[in-house]
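> need a 3D model of the sequence below.
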Amino acid sequence: SATVATAESLTGGLIGAELTRMPGSSATYAGGMVTYATALKRDMLGVPSALLEEHGAVHPEVAEVMATGVRERLGATYGVAVTGVAGPEPQDGRPVGTIFVAVATPTGKPRVVKPMLPVPGAGAEIRGVIRRMTVVHALEQLRRAILGLDEGPGAEPGQ
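All right, here's what the predicted structure looks like:
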């Protein structure tokens, strides 16, 4: 049966937690890597140093390499990756609420989307909202990949 592996940055393991909420999930969830630090994206998932130095960790190509890297390293059918800015401060020149979600499949180039997240209010409460919304977007993109649905809201090619 198909399996999924996760590479998480801003969500800190929340996607893996959601995927393992139901009994029997061990049959489909291979595992995950929480690569919160930029250096771990390079060392554990194979994101090129030059890419990180030029664009920072919040970039569509970074998400793409993370998804492919975790899929290959954990031997899963699908790899799901997220990177972004949960706030409350901007990061790498990207505003709060900027996220990239990538899904690597057994065939073809990983699909990367940049969901448009509303950024309500200000301060620490933003982080929780953005992180939870990122989980929802990541699981939706995984669902779309499994069903073979290529296009969807927020589609952005990984340049």
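> CA only for contacts and neighbour counts going forward, please
OK.
> between the two ends of stretch 14-26, how far is it?
Counting by Cα to Cα, to the nearest Å, the length from the leading to the trailing residue of stretch 14-26 is 16 Å.
> could you give the mean pLDDT of that stretch?
In this model, stretch 14-26 has a mean pLDDT of 97.
> can you list the residues that contact that stretch?
Thr6, Glu8, Tyr29, Gly31, Gly32, Arg132, Val135, Ala138, Leu139 (Cα atoms under 8 Å, 6 or more residues apart in numbering).
> by neighbour count, which of those residues wins?
Thr6 (30 neighbours; other Cα atoms under 10 Å).
> output the host helix or strand of His137 as PDB, nothing but the C-alphas.
Assigned by DSSP states H and E, His137 belongs to helix 125-147. Provided in PDB are the C-alpha atoms of helix 125-147 (Å, rounded to 0.1, in the frame of the first residue of the first chain):
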ATOM      1  CA  GLU A 125      -1.700  34.200  18.000                       C
ATOM      2  CA  ILE A 126      -0.800  34.500  14.300                       C
ATOM      3  CA  ARG A 127       1.700  31.600  14.700                       C
ATOM      4  CA  GLY A 128      -0.900  29.100  15.800                       C
ATOM      5  CA  VAL A 129      -3.300  30.000  13.100                       C
ATOM      6  CA  ILE A 130      -0.700  29.900  10.300                       C
ATOM      7  CA  ARG A 131       0.700  26.600  11.500                       C
ATOM      8  CA  ARG A 132      -2.800  25.000  11.700                       C
ATOM      9  CA  MET A 133      -3.700  26.300   8.200                       C
ATOM     10  CA  THR A 134      -0.500  25.000   6.800                       C
ATOM     11  CA  VAL A 135      -1.400  21.500   8.100                       C
ATOM     12  CA  VAL A 136      -4.800  21.700   6.300                       C
ATOM     13  CA  HIS A 137      -3.200  22.900   3.100                       C
ATOM     14  CA  ALA A 138      -0.500  20.200   3.200                       C
ATOM     15  CA  LEU A 139      -3.100  17.400   3.800                       C
ATOM     16  CA  GLU A 140      -5.200  18.800   1.000                       C
ATOM     17  CA  GLN A 141      -2.300  18.700  -1.500                       C
ATOM     18  CA  LEU A 142      -1.500  15.200  -0.400                       C
ATOM     19  CA  ARG A 143      -5.100  14.200  -1.000                       C
ATOM     20  CA  ARG A 144      -5.000  15.800  -4.500                       C
ATOM     21  CA  ALA A 145      -1.800  14.000  -5.400                       C
ATOM     22  CA  ILE A 146      -3.200  10.600  -4.300                       C
ATOM     23  CA  LEU A 147      -6.300  11.200  -6.400                       C
END
